[in-house]
Every structure is written in structure tokens, then in C-alpha cells.
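Peer 1: Give me a model of this one.
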Amino acid sequence: MDKYKETFETWDKLAGLYQEKFMHLDLYDDTYDLFCNELEPHAALLEIGCGPGNIAAYLLKKMPELKIDANDISPNMIGLAQLNNPSAHCYVMDSRDISQIEKKFDGIVAGFCIPYLSVPDTRQLVKDCNNLLNENGVLYISFVEGNPGDSGYKAGSTGDRTYFYYHEWKVLEEMMKKDNFEILHLIHKSYKRNDGSEELHSIAIAKKPKHSD
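Peer 2: Below you'll find the model as predicted:
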């Protein structure tokens, strides 16, 4: 089976479990606050790979006037996201297809989306985000730092698998700078997994400057 297809099917199957685990996780709240500090109250936002809408819910609680479009490959995730965020527009879309979106945004959130995208597809995502942002638009992107060579299938307690990609900040930074993003913040978080091991989770917040190409 195609790596992406199996991963997408797993996320769709485990949407409810994912919501139970992450809907109220507060580890990244301070990074969402930094993102919000760069936005106007009525900003138009796009969230890519929104899952059950946990990030959107936090953003809307902090800034209720935000206009949020949120997408995810999983119909079950989108069902939950819409229930959790009635004011948002939630719809099914593959993150690799966001170039088809015909509107512009003041901010884009890709919370732990690229751990499920290869390096070439991540490069395209960054490029697409640049094209979808207005001048001075802000990009929030989070990932798990590690050696891309260690990428591979991971199975959870249910036995269902996802294909997980590690990314190096220096490579992602190069991608972002190539598209003229100005890096505003890089934050590292230590995340404890169920087995007691720890991962380095990284969050980058960047701005598309005026008159970028």
C-alpha cells in the first residue's frame, strides 16, 4: 500500500482516539500565543492538517473574530473539527493539494503536518503557503526534529501504522528562506511519548514580507 494512503487511513480510523489525547494538550499554547501576537483580530486563517480542530479551538478561544478555514485528509477528523469549531469552515483536502485554494490568508497553521510529508512534498507545501499568504502573512509550522534517514513506519497501541518523517531544521529553514520568509521564532519543546522516551518538537513562526516574489 502507498505510504500516504496507509497513513491517511490510519488517521481516519483513529480520529476519536487522537481527539481524546490531544484536544486539551497545553504544551504548545505559548507558541500559539506568539502566532496570535502577529495577527489582526479579524485575520483570515488557513489551517492545514487540522485533525479534530484542537489548534483552531485554542485560536478561536483567544481571538473569536478570526475567520478560519481548516482542512484535513480525514473525513472523520473534519467531522470532529467542525463540531469543535462551529464558526470555522472545515473541509476534506489533501495537504498536497492546497495550491488549488483560490483565496489568500493572513496566517497559515501547519501543526505537525509535515511529519507525514516527505522532504520534496514539504518543500512544495512551503512554496504553496507562500503563494497563499498575503503580504505580512504569518506561517506557523511544527515538526519533529531528527535524522530523515530514521523516517519510517510507526505503529501505535492499536497496531495501525503511519509513515513518519523526521525533518532537520537547517533544511526547513533553507526552504523557508528560499521563499523569502523571515524567521520570527524557533521554539523547541520536549515531548514525552507513551513509552517514556522523549522527542524534540520544534515550532517555527515566520512572516512573508511585503513585496516578496
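
Peer 1: Please count neighbours and contacts with C-alpha atoms only from this point.
Peer 2: Noted.

Peer 1: Can you classify N76 as helix, strand or coil?
Peer 2: Three-state call for N76 (DSSP: H, G, I helix; E, B strand; the rest coil): helix.

Peer 1: mind checking how far the residue nearest to D12 when sequence neighbours are not counted is from G146?
Peer 2: Nearest non-adjacent residue to D12, counting by Cα to Cα, 6 or more residues apart in numbering: S74, 4.9 Å away. Distance, S74 to G146, by Cα to Cα, to the nearest Å: 26 Å.

Peer 1: what's the answer for D12, then?
Peer 2: Shown here: D12 relative to G146, a distance of 26 Å by Cα to Cα.

Peer 1: Counting neighbours, go ahead and name the busier of the two.
Peer 2: Taking other Cα atoms under 10 Å, D12 and G146 do not tie; D12 has more neighbours (19 against 16).

Peer 1: Can you show me the helices along the chain?
Peer 2: In chain order, the chain shows helices spanning 3-13, 15-22, 29-36, 54-62, 75-84, 119-132, 169-178, with DSSP state H as the criterion.

Peer 1: Identify the residues contacting the third one?
Peer 2: Think helix 29-36. Applying Cα atoms under 8 Å, 6 or more residues apart in numbering, the external contacts of helix 29-36 come out as 55, 58-59, 63, 138, 140, 187, 203, 205.

Peer 1: Go again with 6 Å.
Peer 2: Where contact means Cα atoms under 6 Å, 6 or more residues apart in numbering, no residue beyond helix 29-36 reaches it.

Peer 1: So what's the gap between it and the chain middle?
Peer 2: 14 Å (Cα atoms, centre = their mean, to the nearest Å).

Peer 1: just the CA coordinates of that helix, formatted as CSV?
Peer 2: Only the C-alpha atoms of helix 29-36 are listed here, as CSV (Å, rounded to 0.1, in the frame of the first residue of the first chain):
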residue,chain,number,x,y,z
ASP,A,29,-0.2,27.0,23.9
ASP,A,30,2.6,29.6,24.3
THR,A,31,3.6,29.1,20.7
TYR,A,32,0.0,29.7,19.6
ASP,A,33,0.1,32.9,21.6
LEU,A,34,3.2,34.0,19.7
PHE,A,35,1.5,33.3,16.5
CYS,A,36,-1.6,35.2,17.6
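
Peer 1: What residues sit buried inside that helix?
Peer 2: Within helix 29-36, the residues that qualify as buried are 31-32, 35-36, counting by 16 or more other Cα atoms under 10 Å.

Peer 1: Run the angle between it and helix 54-62 for me.
Peer 2: Angle of helix 29-36 versus helix 54-62, following axes from the mean of the first three to the mean of the last three Cα atoms, to 10 degrees, is 70 degrees.

Peer 1: Can you give me the end-to-end span of stretch 25-43?
Peer 2: With Cα to Cα as the measure, stretch 25-43 spans 24 Å from end to end.

Peer 1: and if you look at stretch 189-208?
Peer 2: 24 Å.

Peer 1: By neighbour count, which bits of that stretch are buried? Give me those.
Peer 2: For stretch 189-208, a neighbour-count test (16+ other Cα under 10 Å) marks 201-208 as buried.

Peer 1: Then stretch 62-73?
Peer 2: Within stretch 62-73, the residues scored as buried using 16+ other Cα under 10 Å are 63, 66-73.

Peer 1: Name the surrounding residues that touch that stretch.
Peer 2: With Cα under 6 Å, 6+ apart as the criterion, stretch 62-73 contacts 41-50, 88-94.
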